[in-house]
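Undergrad: Quick check, what structure comes out for this input:
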Amino acid sequence: MPGELRSHSAGSTLVLTLHNPEQRNALSPDMYAAGVEALNGAEGSRDIRAVVLTGSGGHFCAGGSLQRLQANRAKEPAVQIESIEALHSWIEAIRTFPKPVIAAVEGAAAGAGFSLALACDLVVAARDAIFAASYSQVGLSPDGGLSWQLARALPRQLASEWLMRGERLGAERLHQAGLVNLLCERGRALDQALTLADGLAARAPNALASIKELLAEAPQSTLDTQLALERDHFVRNLHHPNAGAAIEAFLARSKPSRH
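TA: Residues are numbered from 1 along each chain as shown. This next block holds a predicted model:
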């Protein structure tokens, strides 16, 4: 049975579930396209305040199917180029999506599954979850933006170790490195991610969208450029109805309404 991306709503959160349990939720181009489509639909929905990405059957994602990759070796390189570009379109869609995206990781997050988890804004992981960038073990190099993510988050020597050796990494180690936000007991990652999403739903969505955009722009911005961006976002958000309601509620010690 081919893998698929399933979706359902949990309150104001859209839950996207990688479903290919026989192969630990190995990815396929159909999943990439469905992921982009789901985010495009959620972006325009006032009812959806956050997205949680998770996997079925006790695992997050084993990455790309080695059987499919082996088959693609017999085809023109353009076939694999098209597949990777589809994955990268989904990664870019997550990064530019104006609402929080939370990864809920159980079991394995390997290869492109590791990339997919780190593309999310926040990561919740079971304490016994395992992350692995095992590309080098099968003669490959990273995709899905993993080298970019690790190079930004870690010292070069540590990023080199993780990618070159490709060893299994426990969730505790990623938490210590600042790549996992919350640790939880096995089987609780989705519940914890939904609780986190509910908390974010209480924040002004325009402010969260600004934070996400500012963080995306910061690495390539000069200080002067970033200060100008912060100024523009701050003034725009100050004059949004959410700021008026939130400031008034804060001063009155009550809960604001959101728009």
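Undergrad: who are the neighbours in contact with Ala153?
TA: 118, 159, 177-179 (Cβ atoms under 8 Å, 6 or more residues apart in numbering). All C-beta spots, glycine's among them, are computed from the backbone N, C-alpha and C.
Undergrad: By neighbour count, which of these wins?
TA: Leu118 (24 neighbours; other Cβ atoms under 10 Å).
Undergrad: Doesn't that one lie inside a helix?
TA: Yes: secondary structure of Leu118 (DSSP: H, G, I helix; E, B strand; the rest coil): part of a helix.
Undergrad: Tell me how far it lies from Ala153.
TA: The gap separating Leu118 from Ala153 is 8 Å, by Cβ to Cβ, to the nearest Å.
Undergrad: overlap in contacts of those two?
TA: Common contacts of Leu118 and Ala153 (Cβ under 8 Å, 6+ apart): Leu179.
Undergrad: Give me the mean pLDDT for the helix or strand hosting Leu215.
TA: Per DSSP states H and E, Leu215 falls inside helix 205-217. For helix 205-217, the mean pLDDT works out to 96.
Undergrad: relative orientation of the next helix or strand along the chain from it and helix 205-217 in degrees?
TA: Later in the chain than helix 205-217, the nearest helix or strand by DSSP H and E is helix 223-238. Relative orientation of helix 223-238 and helix 205-217, computed by axes from the mean of the first three to the mean of the last three Cα atoms, to 10 degrees: 170 degrees.
Undergrad: any residues touching helix 223-238, and which ones?
TA: Against helix 223-238 from outside (Cβ under 8 Å, 6+ apart): 204, 206-207, 210, 213-214, 217-218, 221, 243.
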